[in-house]
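J.: I'll drop the sequence and a predicted model, then ask my questions.
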Amino acid sequence: MNILAIGAHPADVFDLSGGTLANFASQGHGVYLSIVTHGAYSHSQLLTKKDQKQAVAEIIALKRKECEEASRHIGVKETRYLEFDDEPFIPSRKMVLVLGEYVREVCPDIVITHHPKEYGHPDHPVVGELALRSLKAAERWLEGSSRVPHPIKRVYFFGTQFRGICAKLGSGVVAADFVVDVGPSIEKKKKAIAAFQSQSFQGAQYEERWVAERLDRIEGHFGFMNGLKYAEEFISLTPQIVSLLPCN
Ligand SMILES: [Zn+2]
């Protein structure tokens, strides 16, 4: 089985689904990533005191290096960098086609991406919307493509960023349909997130001790709420079709 995770910024897919992706990889499935923006402008505090163009190029290269290391920890087969500008990320028809082409290339059975109504960062819902449009293009008519159309079996959205603020912005908070036990892969996720040394959150650098605390507080929270040590949650785009209702 092939799994494609589509993230707005380089760290997103690791932050929001790193344990789940590592679970897939450890069971022999093909894990692919598409990182839509280079993420340099999201961390513009690093741009000060330098010629901005030079600084942006340096940060793009650095983030790519960090992302490569994180991908290795998770067991990713290939990471495709689309390198569009972030913050603000403004989608175009060309971007839909580029991402749609990658979908046809990878032929994923499962796609994991941002929910078009979540609000962890203003670029996230825009990338979620772009991903859905690209999936539709990959399935139906993709301008200029010589690859065969590829329908996606299942789409899941990252579930852990659906916050109360989403309701204030006009969308109801969507509850997760799936809880993934990421206890067995938590060390891999820790190393992957710690690879992003250029990032910071609320003034704290992404170093190992901070990452361990972050995992205890976020993945530990979702784990605790579901009777597990660590968990990641996901929202399914479509209902699961079964002949009997599952009891677990
Ligand atoms: Zn992000």
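T.: Okay, I see it.

J.: by proximity to the ion, which residue of this structure wins?
T.: Using Cβ to the ion, the single residue of the chain nearest to the ion is His9, 3.5 Å away. (Glycine included, C-beta is placed from N, CA and C.)

J.: give me the spatial nearest neighbour of that residue, chain neighbours excluded.
T.: What sits nearest to His9 in space, not counting adjacent residues and going by Cβ to Cβ, 6 or more residues apart in numbering, is Gly39, at 4.0 Å.

J.: list the helices and strands the longest helix along the chain packs on?
T.: Across the chain, the longest stretch assigned as helix under DSSP state H is helix 52-74. Using 3 or more Cβ pairs under 8 Å, 6 or more residues apart in numbering; DSSP states H and E, the elements in contact with helix 52-74 are helix 12-26, strand 30-37, strand 78-84, helix 186-194.

J.: give me the angle between it and strand 30-37.
T.: Helix 52-74 and strand 30-37 are oriented at 160 degrees to each other (axes from the mean of the first three to the mean of the last three Cα atoms, to 10 degrees).

J.: so helix 52-74 versus strand 78-84, what angle?
T.: For helix 52-74 against strand 78-84, the angle by the same axes, to 10 degrees is 160 degrees.

J.: quick one: helix 52-74 to helix 12-26, angle?
T.: Using the same axes, to 10 degrees: helix 52-74 against helix 12-26 is 30 degrees.

J.: what lies in contact with helix 52-74?
T.: Helix 52-74 is contacted by residues 10-11, 14, 18, 21-22, 25, 31, 33, 35, 38-41, 43, 46-47, 50, 79, 81, 83, 188-189, 191-193, 195-198 when judged by Cβ atoms under 8 Å, 6 or more residues apart in numbering.

J.: report the buried residues of stretch 164-176.
T.: Residues of stretch 164-176 classed as buried: 166, 171, 176 (neighbour count, 16 or more other Cβ atoms under 10 Å).

J.: those residues in helices, which ones?
T.: Cys166.

J.: what comes up buried for the longest helix of the chain?
T.: For helix 52-74, a neighbour-count test (16+ other Cβ under 10 Å) marks 55-56, 59-60, 62-64, 66-67, 70-71, 73-74 as buried.

J.: same check, this time on stretch 20-31
T.: So, applying 16+ other Cβ under 10 Å, buried residues of stretch 20-31: 20-25, 29-31.

J.: also stretch 134-154?
T.: Within stretch 134-154, the residues that qualify as buried are 134-138, 142, 150, 152, counting by 16+ other Cβ under 10 Å.

J.: taking those together, which two end up most distant?
T.: Leu142 and Ile152 (13.3 Å; Cβ to Cβ).

J.: count the neighbours of Pro122 for me.
T.: 12 (other Cβ atoms under 10 Å).

J.: residues contacting it?
T.: Residues near Pro122 by Cβ under 8 Å, 6+ apart: 87-88.

J.: any idea how far Ile193 is from it?
T.: Taking Cβ to Cβ, to the nearest Å as the measure, Pro122 falls 22 Å from Ile193.

J.: now Glu207
T.: Counting by Cβ to Cβ, the gap from Glu207 to Ile193 is 10 Å.

J.: Asp123 too?
T.: Look at Asp123 and Ile193: by Cβ to Cβ, they are 19 Å apart.

J.: who's more crowded, the two?
T.: Using other Cβ under 10 Å as the criterion, Asp123 and Ile193 rank with Asp123 on top: 27 against 22.

J.: residues in contact with the more buried one?
T.: Contacts of Asp123 by Cβ under 8 Å, 6+ apart are 8-9, 37, 42, 86-89.

J.: and the average pLDDT for stretch 193-208 is what?
T.: For stretch 193-208, mean pLDDT is 80.

J.: make that stretch 63-78, sorry
T.: 97.

J.: so what's Tyr156 up against?
T.: 110-113, 178, 234-237.

J.: hang on, it in a helix?
T.: No. Counting by DSSP: H, G, I helix; E, B strand; the rest coil, Tyr156 is not part of a helix but strand.
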